[in-house]
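> Test case, fold it:
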Amino acid sequence: MTKKVKIEGNMAAMLSYLGQLYQSPADALKEYISNALDAWRECSELGIDLEPCRVHFKITPSRIVIEHNAPGMDEKEFEDRLKRVADSIKKQKDFAQIGQLGIGIWGFMQVGKKCTFFSKKAPALPTYRVTLKEGHDAADCEKATKRESLSEPGMRIVISDLKVKPTKARGPLAVDRLEKKWGELFDSYLREGNLELTIESKGTTRTVSPPDLGLPRVASDCSEWFLEKAHDKKFKTCFYYDSSGKGVVSVRHAGVDVIKDLGALAREEKYWDETVYSSGFIRGFVEADFLKPLPSRTGFESNDDWVALLIELEKIGAVLEEEVGSYKEEEDRKRQQAIHEKALELARDILDDEEFMDLELLGGLAKRRRKAANKESRPAGESTGERSREPGDRQTPSGPRINIVEDDFEDGAIRHSEFISGVVRINKLHPDYRQEMKGTDSERLAYITMLIGKETIGFNDQSGLSEEALERLVTYVYRMKRSKIFSTTGKGFRGRPMKLAV
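Residues are numbered from 1 along each chain as shown. As a prediction, this is how the structure comes out:
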């Protein structure tokens, strides 16, 4: 006969473990913001007209006080919560809630050893006081004194006997760190004006704001979407183009990130072979309250709704790819222009050296130059008997005008470049070009600058006999660059990468 043995344990120790499940003190404290928002959302779902949820933190060396205007809990609700640890009553709600585990009130143990709650449910109800202590398996519950009572519905939470120094400049509860972390975490609530979050420390109060991305929106027409076979299940999207290539897309539930990086998850789970969500050029979030978060809130249940959401995101991905492509083309154009301008500047500096003083410069390289020692000046207006240059090679006081164009040459990959009618044409078909354009901006800059120098020297050779020799010399240089000794040392020709303003 099977014997059943009731599992028992040290409740005080278990509560202490639960309170320290959070990754950091900042994560533990954010639970009290989440609880306030859940109470605020519940009232909003019931049709109660509310002001924004206001949460204020006052951080001192000896204690942390959290106050919010969302309705608190009455005596019965508090007692129910204390008797149902890790069994959240929020699961019974028919609308999305941030909290799901029923352990949020114990998060203070990551920060301090004692926490006192002053809670007022409604204007006509008294303020209820509950004190929890680390190492104790019972709570002290009583009606608050008149001096302690709250004047309006809400809650005051006082954490004392602190384990960490909250005012330490670079500590885990440094105001800068909290401001950044909570600004990202509660982005949608802050951006929509549903949450006003402030932090007071050392006599200064800061208002937490959503991150100012300063990035262009993409796929804005897809900001509200629904599942194809369930139009009542809607989700929101908010995407930005991120030229850094480091952007991530999160998936949120009740306004808070559950999946931090959809692209990384897609690669790991092989949802898609290649996707714009993992490209790094998209930053933003998908908010789907109809999904069911896992108890650990590290992901969602892989049910039919999750699969249907992935199908819809794949459709939106096609729109994102098209818009991202347009932005990348524009970024590439600006970067190319910046490299061209920098190459002209660098070539101008080099060709102004004594060794090149006798060369006639191309117009875009114009610089106030000294008169070459081996050239005699000619009286103004004296005829030389020479024919004028071809149309387009119109002289300026410092040489013909110049422009740089990267193009496919009609005769294939034979030549690196040419100079015609004031334009330095660079052959995109040449193997050296293709190789260098894969490199850093510094490598691209070096290549363009080299070809400007080549064309300047060739321009000064009226016989045209130097063209083949110059082509061979450039080929020799870039074959040398890719030789074993240069590629393995990583030094020499490559030099230090250059940053270009685009």
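
> for this protein, which residue is closest to the average position?
Residue closest to the mean C-alpha point of the chain, counted by Cα atoms, centre = their mean, is residue 247 at 4.4 Å.

> Report all helices and strands that the biggest helix by length in the chain contacts.
For the chain, the longest helix by residue count, based on DSSP state H, is helix 304-351. Here helix 304-351 touches strand 217-218, strand 224-227, strand 230-241, strand 282-287, strand 403-407, helix 441-459, going by 3 or more Cβ pairs under 8 Å, 6 or more residues apart in numbering; DSSP states H and E. Glycine gets a C-beta too; all of them are placed from N, C-alpha and C.

> show me where pLDDT drops low in the stretch 1-150 of the chain?
5-12, 17-21, 86-102 (pLDDT under 70).

> hang on, the earlier thing: to residue 361, which of the helices and strands packed on helix 304-351 lies closest?
Closest of the helices and strands packed on helix 304-351 to residue 361 is helix 441-459, at 6.6 Å (criterion: Cβ to Cβ).

> so after that closest one, what's the next helix or strand?
helix 467-481 (DSSP states H and E).

> contact partners of that following helix?
Contact with helix 467-481 is made by 415-416, 432, 435-436, 447, 450-451, 454, 457-458, 461, 486, 493-494, as judged by Cβ atoms under 8 Å, 6 or more residues apart in numbering.

> Run a quick check on the residue nearest to the centre of the chain versus residue 280, I expect a contact.
Yes. Between residue 247 and residue 280 there is a contact under Cβ atoms under 8 Å: 5.5 Å.

> before we move on, back to that, look up how far residue 323 lies from the residue nearest to the centre of the chain.
14 Å (Cβ to Cβ, to the nearest Å).

> next one: residue 187
Applying Cβ to Cβ to residue 187 and residue 323 gives a distance of 22 Å.

> Between those two, which is the more surrounded one?
residue 187 (23 against 19; other Cβ atoms under 10 Å).

> Spatially nearest residue to the more buried one (excluding sequence neighbours)?
residue 210 (4.6 Å; Cβ to Cβ, 6 or more residues apart in numbering).

> Phi, psi for that neighbour please.
Main-chain dihedrals, residue 210, degrees, to the nearest 10: phi -70, psi 150.

> re the thing from before, out of the helices and strands packed on helix 304-351, nearest to residue 150?
strand 282-287 (32.5 Å).

> what pLDDT does the residue nearest to residue 187 get?
We note a pLDDT of 90 for residue 210 in this prediction.

> What of residue 278?
Per-residue pLDDT puts residue 278 at 92.

> give me phi/psi at it?
Backbone torsions for residue 278, taken as degrees, to the nearest 10, come to phi -110, psi 10.

> Wait, it touches residue 265, no?
No. Proximity of residue 278 to residue 265 does not meet the contact threshold set by Cβ under 8 Å, at 9.0 Å.

> which residues touch stretch 139-151?
If you take Cβ under 8 Å, 6+ apart as the criterion, stretch 139-151 is touched by 72, 75, 78-79, 82, 118-120, 126-132, 156.

> Just the endpoints, please. Distance across stretch 13-26?
When the termini of stretch 13-26 are compared using Cα to Cα, to the nearest Å, they are 22 Å apart.

> In strands, which of the contacts of stretch 139-151 appear?
Among the contacts of stretch 139-151, the residues falling in strands (DSSP state E) are 118-120, 128-132, 156.

> Now the two most distant members of those.
120 and 132 (18.1 Å).

> Against residue 449, how distant is residue 460?
17 Å.

> Local confidence estimate at the closest residue to residue 242 other than its chain neighbours?
Of all residues not flanking residue 242 in the chain, residue 283 sits nearest, at 4.2 Å (Cβ to Cβ, 6+ apart). On the pLDDT scale, residue 283 is placed at 93.

> which residues does residue 283 bridge with?
residue 240 (DSSP bridges).

> wait, what's in contact with it?
Shown in contact with residue 283 (Cβ under 8 Å, 6+ apart): 213, 215, 239-242, 247-249.

> Now flag whichever of the contacts of helix 467-481 is closest to residue 163.
residue 494 (50.8 Å).

> State the pLDDT value of the closest one.
Residue 494 is given a pLDDT of 50.

> before we move on, what about residue 218?
95.

> Would you mind measuring from it to residue 155?
40 Å.

> Run through the residues that contact the residue nearest to residue 187.
Contacts of residue 210 (Cβ under 8 Å, 6+ apart): 183-184, 186-188, 190-191.

> same question, residue 419
362, 425, 455, 458-459.

> Dump those into CSV; add neighbour count and pLDDT as well.
Below are the contacts of residue 419 laid out as CSV (neighbours: other Cβ atoms under 10 Å; pLDDT from 0 to 100):
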residue, neighbour count, pLDDT
362, 27, 78
425, 21, 94
455, 25, 91
458, 18, 90
459, 19, 88
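
> wait, which of those residues is closest to residue 26?
Of these, the one sitting nearest to residue 26 (Cβ to Cβ) turns out to be residue 425, at 57.0 Å.

> Bridged to that closest one, which residues?
Beta-bridge partners of residue 425, as defined by DSSP bridges: residue 405, residue 418.

> Wait, it touches residue 407, no?
Yes. At 5.4 Å, residue 425 and residue 407 qualify as touching, with contact defined as Cβ under 8 Å.

> Could you list the low-confidence segments of the stretch 201-350 of the chain?
295-297.

> Roughly how far does residue 110 sit from residue 123?
Relative to residue 123, and taking Cβ to Cβ, residue 110 is found at 33 Å.

> Which residues does stretch 285-298 contact?
95-96, 100-101, 187-188, 233-238, 249-255, 257-259, 262, 299-301, 303, 305-306, 309, 313.

> what residues are up against residue 350?
Applying Cβ under 8 Å, 6+ apart, the residues contacting residue 350 are 356, 449, 453.

> Neighbours of the first one, how many?
In other words, residue 356. 16.

> same deal with the second one?
For residue 449, the count of nearby residues is 20 (other Cβ under 10 Å).

> do the same with residue 407
Neighbour tally, residue 407, other Cβ under 10 Å: 13.

> Burial check on residue 112, number of neighbours?
Counted with other Cβ under 10 Å, residue 112 comes out at 22.

> ditto for residue 310
Look at residue 310: counted by other Cβ under 10 Å, it has 15 neighbours.

> repeat for residue 208
Applying other Cβ under 10 Å, I find that residue 208 has 23 neighbouring residues.

> Leaving out the residues flanking it, which one is nearest to it?
residue 197 (4.1 Å).

> would you say the one you found is within a strand?
Yes. With DSSP: H, G, I helix; E, B strand; the rest coil as the criterion, residue 197 is part of a strand.

> Do you know the pLDDT at it?
Value for residue 197, per-residue pLDDT: 97.

> State the separation between whatever helix or strand residue 55 lives in and the centre of the chain it belongs to.
Per DSSP H and E, residue 55 falls inside strand 53-59. Chain-centre distance of strand 53-59: 27 Å, with Cα atoms, centre = their mean, to the nearest Å.

> what angle do the following helix or strand past that strand and strand 53-59 make?
Next helix or strand after strand 53-59 toward the C-terminus (DSSP H and E): strand 64-68. Angle of strand 64-68 versus strand 53-59, following axes from the mean of the first three to the mean of the last three Cα atoms, to 10 degrees, is 170 degrees.
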